[in-house]
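Peer 1: okay, here's the prediction I keep looking at, along with the sequence it came from:
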Amino acid sequence: MDTEERQQLADATQEKAPRIFITYSHDDERHVALVREFGEFLVRHEGLDVVFDQWADDGRRDWALWASQNIAEADFILVVASLSVRLV
């Protein structure tokens, strides 16, 4: 899902959609894919404005700065963890 597609879906709603910042554990490819699918679900079926690092991977950037800015702009922060987080 690219930025333009997300913007079109957000524009289709009459009210400003809440902005959701998703942060997640990068355990393995399956977990990352499931989080991405969940983010797409939130955009397509719930009309939320979702900020997700995989959709912003358009070049080199300071990811800590990117995350900090998006957290500050988010209405909600969604933390997705897995069982392996307990091992840390």
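Peer 2: Yes, it's here. Residues are numbered from 1 along each chain as shown.
Peer 1: quick one: end-to-end length of stretch 55-65, please.
Peer 2: 16 Å (C-alpha to C-alpha, to the nearest Å).
Peer 1: model confidence over that stretch, on average?
Peer 2: Per-residue pLDDT over stretch 55-65 has a mean of 83.
Peer 1: so what's Tyr24 closest to, chain neighbours aside?
Peer 2: Val80 (3.9 Å; C-beta to C-beta, 6 or more residues apart in numbering). Backbone N, C-alpha and C define where each C-beta goes, glycine included.
Peer 1: try Asp75
Peer 2: Closest to Asp75 by C-beta to C-beta, 6+ apart is Pro18, at 4.2 Å.
Peer 1: thought the residue nearest to Tyr24 was touching Phe21?
Peer 2: No. With contact defined as C-beta atoms under 8 Å, Val80 and Phe21 do not form a contacting pair (11.2 Å).
Peer 1: of these two, which one has the most company?
Peer 2: Between Val80 and Phe21, counting by other C-beta atoms under 10 Å, Phe21 is the more crowded of the two (21 against 15).
Peer 1: pLDDT (mean, whole number) over the longest helix anywhere in the chain?
Peer 2: Secondary structure of the chain per DSSP state H: the longest helix is helix 29-46. Averaging pLDDT along helix 29-46 yields 93.
Peer 1: give the buried residues for that helix.
Peer 2: Neighbour counts over helix 29-46 (16 or more other C-beta atoms under 10 Å) mark 31-32, 35-36, 39-40, 42-43 as buried.
Peer 1: before we move on, back to that, I'd say the residue nearest to Asp75 and Phe76 touch.
Peer 2: Yes. With contacts counted by C-beta under 8 Å, Pro18 reaches Phe76, the gap being 6.1 Å.
Peer 1: more neighbours, those two?
Peer 2: Neighbours around Pro18 and Phe76, counted as other C-beta under 10 Å, are more numerous at Pro18. The numbers are 14 against 10.
Peer 1: okay then, goodbye and thanks.
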